[in-house]
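[1] Model the following, please.
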Amino acid sequence: MLALNHAPCNHILDAKSAKEVWDLLKVCYQGDDDLCQHYLLERFFTLAFCDSEPMEPQIVEVVSISHQLMDIGFPITD
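    Numbering: from 1, shown residues only. Have a look, this model is predicted:
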């Protein structure tokens with residue numbers, strides 16, 4: 001779950017549409033593709049599976065990270 005703090009509110013106060021708000025929030029939270037790629041790769045390779053937790057959500061997390069990497073032009077192959 002993503003928790004938003006109050007800082008981005010300053011960036012979106014003058015937004016004229018919902019799309020503009022989302023675009024501004026994306027820039028604020030996502031950063032550039034290189035930074036995002038580094039963060040996602042770090043998560044992908046350091047994600048540890050926990051035997052005491054259900055496997056399905058953990059697998060979903062790995063697949064989600066893989067799709068996000070593909071979306072920014074860094075596909076992970078099987």
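[2] domain parsing for the chain?
    1-30, 31-78 (automatic domain parsing).
[3] Check the gap between the closest residue to Asp33 other than its chain neighbours and Ile59 for me.
    Leaving out its chain neighbours, the residue that sits closest to Asp33 by C-beta to C-beta, 6 or more residues apart in numbering is Ile72, at 4.7 Å. Placement of C-beta: from N, CA and C, glycine included. Counting by C-beta to C-beta, to the nearest Å, the gap from Ile72 to Ile59 is 21 Å.
[4] ditto for Leu40
    On the measure of C-beta to C-beta, Leu40 and Ile59 end up 16 Å apart.
[5] circling back to that earlier point, who touches the residue nearest to Asp33 in this structure?
    33, 36-37, 40 (C-beta atoms under 8 Å, 6 or more residues apart in numbering).
[6] Against which helices or strands is whichever helix in the chain runs longest packed?
    If you go by DSSP state H, the chain has its longest helix at helix 55-71. Packed against helix 55-71 by the contact rule (3 or more C-beta pairs under 8 Å, 6 or more residues apart in numbering; DSSP states H and E) you find helix 33-46.
[7] ok, and what's touching the helix it packs on?
    30-31, 62, 65-66, 68-69, 72-74, 76.
[8] could I get that helix in CSV with only the CA atoms?
    This file holds the C-alpha atoms of helix 33-46, laid out as CSV (Å, rounded to 0.1, in the frame of the first residue of the first chain):
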residue,chain,number,x,y,z
ASP,A,33,13.3,5.8,-15.6
ASP,A,34,16.9,5.2,-14.4
LEU,A,35,16.1,5.7,-10.8
CYS,A,36,12.9,3.7,-11.1
GLN,A,37,14.8,0.9,-12.9
HIS,A,38,17.5,0.8,-10.1
TYR,A,39,14.8,0.7,-7.4
LEU,A,40,12.8,-2.1,-9.1
LEU,A,41,15.9,-4.2,-9.8
GLU,A,42,17.0,-3.9,-6.2
ARG,A,43,13.5,-5.0,-5.1
PHE,A,44,13.5,-7.8,-7.6
PHE,A,45,16.8,-9.3,-6.6
THR,A,46,16.5,-8.8,-2.9
